[in-house]
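*Asks:* Sequence first, predicted model second:
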Amino acid sequence: MAHRVLVVDDAIFMRNMIKDIFTQASEFEVVGEATHGLEAVERYRELKPDLVTMDIVMPFKSGIEATREIKKDDPDATIIMCSALGQEQLVMEAIEAGAADFIVKPFKAEEVLQVVRKVLGGDS
């Protein structure tokens with residue numbers, strides 16, 4: 001069965017890029033998208049995905065705040081943060097908030113899938 005993924009980013013081109021990466025790997029299914037942190041929390045509760053890719057800097061509620069809220073609701077939630085170069089401090093905050101790992105923009109498909117498979121427990 002495919003791992004269900006929620007893609008969270010305020011930029012549509014980034015969501016599309018991440019969706020394309022997951023679409024190329026048969027073991028994943030993108031079940032939803034969110035454009036900001038508030039929506040991410042709502043969509044997580046609604047969809048209960050196996051994995052969330054979460055942008056750090058977004059309007060209304062940051063990815064870090066959304067991660068904290070999701071992890072409070074579901075301590076087993078698997079969230080991977082997406083950050084730009086130079087956001088090391090924010091990445092550390094995100095890991096402290098409960099994120100499992102992070103990937104750095106610009107994305108390379110093989111690196112994204114490698115991190116995701118590692119976080120999900122190996123071979124998926």
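*Replies:* In hand now; what should we look at? This is a predicted model, so every value here is computed, not measured.
*Asks:* which outside residues touch stretch 50-59?
*Replies:* In this structure, residues lying in contact with stretch 50-59 by Cβ atoms under 8 Å, 6 or more residues apart in numbering are 3-11, 14, 18, 28, 35-37, 40, 44, 62-64, 66-67, 70, 77-84, 87, 90-91, 94, 99, 103, 116, 119-120. To be clear about C-beta, it is placed using only N, CA and C from the backbone, and glycine gets the same treatment.
*Asks:* tell me which element the residue positioned nearest the centre of the chain falls in.
*Replies:* Geometric centre of the chain, nearest residue: residue 53, 1.0 Å, by Cα atoms, centre = their mean. Using DSSP states H and E, residue 53 sits within strand 51-55.
*Asks:* same deal with residue 65?
*Replies:* For residue 65, the enclosing helix or strand under DSSP H and E is helix 63-73.
*Asks:* which strands and helices sit next to that helix?
*Replies:* Using 3 or more Cβ pairs under 8 Å, 6 or more residues apart in numbering; DSSP states H and E, the elements in contact with helix 63-73 are helix 37-47, strand 51-55, strand 79-84, helix 88-97.
*Asks:* Could you point out which of these sits nearest residue 108?
*Replies:* When the helices and strands packed on helix 63-73 are compared by Cβ to Cβ, strand 79-84 sits nearest residue 108, at 12.8 Å.
*Asks:* partners of that closest one, with directions?
*Replies:* Strand 79-84 sits in its sheet next to strand 51-55 (parallel), strand 101-105 (parallel), going by DSSP bridges.
*Asks:* Let me know which of those is tucked in deepest.
*Replies:* Burial of the strands paired with strand 79-84 is given as mean neighbour count (mean count of other Cβ atoms under 10 Å); strand 51-55 ranks first at a mean of 26.
*Asks:* about what we covered before: centre of the chain versus the helix holding residue 65, how much separation?
*Replies:* The chain centroid and the centroid of helix 63-73 are separated by 12 Å under Cα atoms, centre = their mean, to the nearest Å.
*Asks:* Flag every buried residue along it.
*Replies:* For helix 63-73, the neighbour count (16 or more other Cβ atoms under 10 Å) marks 63, 64, 65, 66, 67, 68, 69, 70, 71 as buried.
*Asks:* Since that was my last question, I'll sign off now.
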